[in-house]
Structure formats: structure tokens, C-alpha cells
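1. Compute the structure for the input listed below.
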Amino acid sequence: MPNWSNEVPTSDTVRAMPLLRTPTNGQLKACITTPDLIGTCTHFYQGHTTPHLDENCPACKEGVGWTWHGYVGAIMASNRQHFMFEFTAQVGDTLKEYRGLHGTLRGCIITAERMHHRPNGRVVLSCSPGDLAKLNLPDPPDVIACMATIWNLPKETIKGNGQLRNSPSITSDPNLRIVDRLQKQAEARKNGA
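-> Numbering: from 1, shown residues only. So this is what the prediction gives:
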């Protein structure tokens with residue numbers, strides 16, 4: 001029998017936030033609420049994006065290649081909906097450049113659209129600084145916990161430092177673009193380093 005209540009439960013579980021990508025037609029306009037981007041290697045497997053977790057990965061066993069996806073919390077300009085924004089390494093480089101200029105992504109106003117309005121068209125992202133004093137932004141979400149909830153991963157897959165266990169880590173070398181770092185790490189794994 002259900003246990004009904006007029007109170008919202010308090011718990012350790014992280015509620016899933018909507019995950020949005022750049023639409024095929026039109027634009028996505030939002031303001032980033034997280035101070036930094038975070039990403040991981042993923043597979044498009046069985047109809048959806050899933051994280052690459054370890055060497056025994058089912059997608060890898062079936063020969064499905066991986067790519068890098070990044071995530072930030074953002075709030076929609078039109079209706080103030082708080083969501084997770086997913087992007088590729090190419091867009092990540094644009095955000096990294098903005099972060100280098102401004103020291104944070106929080107308050108960055110983004111406009112994302114696809115070239116030629118194709119489902120797999122390259123994403124063009126423009127960034128401009130917002131006035132943090134006027135934006136009234138919500139607290140940033142725990143991006144990794146939100147993505148673990150979206151991907152239905154157990155809590156034990158999240159490390160104490162907020163990384164997914166057994167997921168390839170992305171080393172921070174400011175002289176390399178994200179794509180270059182991934183290629184360098186893939187070569188190192190291939191060579192057994």
C-alpha cells in the first residue's frame with residue numbers, strides 16, 4: 001500500500017535534471033550555472049549515450065567507438081528551466097577559451113545552433129559574459145552526480161573526487177586542445193603506457 005505524504009522527501013539521491021543538446025532547428029539560449037565544464041568518454045550504444053566505464057565495456061566489445069562529451073549546468077533564458085547541457089570536444093574548446101579569459105564559466109551566456117540545421121550538423125556556440133549581479137542564478141548542480149542519475153549508475157561508480165570510477169581521466173595540459181589530449185591518451189593506451 002502506498003505511503004502518501006504532503007512533504008517532499010529529503011534524501012541523498014540526486015534528482016535527474018533534464019539533459020538537453022543543441023536542437024536541430026533553432027537555437028538553445030541559456031546561462032551556464034557551473035563554474036567549469038566536466039566530461040568523459042562515451043559511446044552511442046543501443047540508441048543512447050552511455051559512459052565508457054572500463055576495459056570490459058559492452059560497447060567496446062561490440063566495436064563501438066568512443067567519443068568525448070562534456071557537460072555543464074545551465075538555465076534556459078526563456079523559462080529558467082535548470083538543465084544539463086551536453087556538448088562535444090569542439091564546443092568544449094570554445095568553453096575552455098571563455099573560461100581562460102574569464103576565470104569561470106558561471107554566468108556565461110551561450111547560444112548554440114547547428115550548421116545547416118541538420119541533426120548531426122556541427123554545433124556553433126557563441127559565448128558572452130552575463131552580469132552575475134543581475135542574473136540571480138541557482139546553485140550549480142553536481143554535474144557528475146546528475147549524469148550518474150541520468151545514466152542510472154550506482155553510487156559506487158562515483159569516486160570521492162567526483163569522477164566516474166574506471167573512466168578514462170582527462171589530464172589537464174593547458175597547451176593541448178581537448179581533442180589533442182584525447183588522441184594523445186588513446187595512443188598511450190594503445191602503446192601500453
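
2. The protein: helices as residue ranges?
-> 58-61, 89-102, 132-135, 143-150, 178-190 (DSSP state H).

3. quick one: the longest strand anywhere in the chain to helix 143-150, angle?
-> As assigned by DSSP state E, the longest strand anywhere in the chain is strand 66-76. Using axes from the mean of the first three to the mean of the last three Cα atoms, to 10 degrees, the interaxial angle of strand 66-76 with respect to helix 143-150 works out to 100 degrees.

4. and strand 66-76, which strands flank it?
-> Strand pairing for strand 66-76, using DSSP bridges, gives strand 28-32 (antiparallel), strand 38-45 (antiparallel), strand 82-88 (antiparallel).

5. dump the residue contacts of residue 146.
-> Neighbour list for residue 146: 14, 16-17, 71, 73, 84 [criterion: Cβ atoms under 8 Å, 6 or more residues apart in numbering]. In this view, the C-beta of every residue, glycine as well, is placed from N, C-alpha and C.

6. My error: substitute residue 112 in the last question.
-> Counted by Cβ under 8 Å, 6+ apart, residue 112 has contacts 22, 27-28, 85, 87, 91, 123-125.

7. for these, which one is nearest residue 152?
-> residue 85 (19.9 Å; Cβ to Cβ).

8. number of nearby residues for that closest one?
-> By the criterion of other Cβ atoms under 10 Å, residue 85 has 28 neighbours.

9. give me the low-pLDDT residue ranges for the chain?
-> 1-3, 5, 8-15, 155-193 (pLDDT under 70).

10. got the end-to-end distance for stretch 23-34?
-> 21 Å (Cα to Cα, to the nearest Å).

11. tell me which residues of that stretch are tucked away?
-> For stretch 23-34, burial by neighbour count (16 or more other Cβ atoms under 10 Å) applies to 28, 30-34.

12. Need the residues that contact that stretch.
-> Stretch 23-34 is contacted from outside by 20, 22, 72-78, 82-83, 85, 95, 105-114, 117-119, 121, 130, 135, 137-141, 143, using Cβ under 8 Å, 6+ apart.

13. that older thread, out of the strands paired with strand 66-76, which is closest to residue 7?
-> Closest among those, using Cβ to Cβ: strand 82-88, at 21.9 Å.

14. That closest one versus helix 89-102: what angle between them?
-> 110 degrees.

15. quick one: strand 82-88 to chain centroid distance?
-> On the basis of Cα atoms, centre = their mean, to the nearest Å, the separation between the geometric centre of strand 82-88 and that of its chain is 5 Å.
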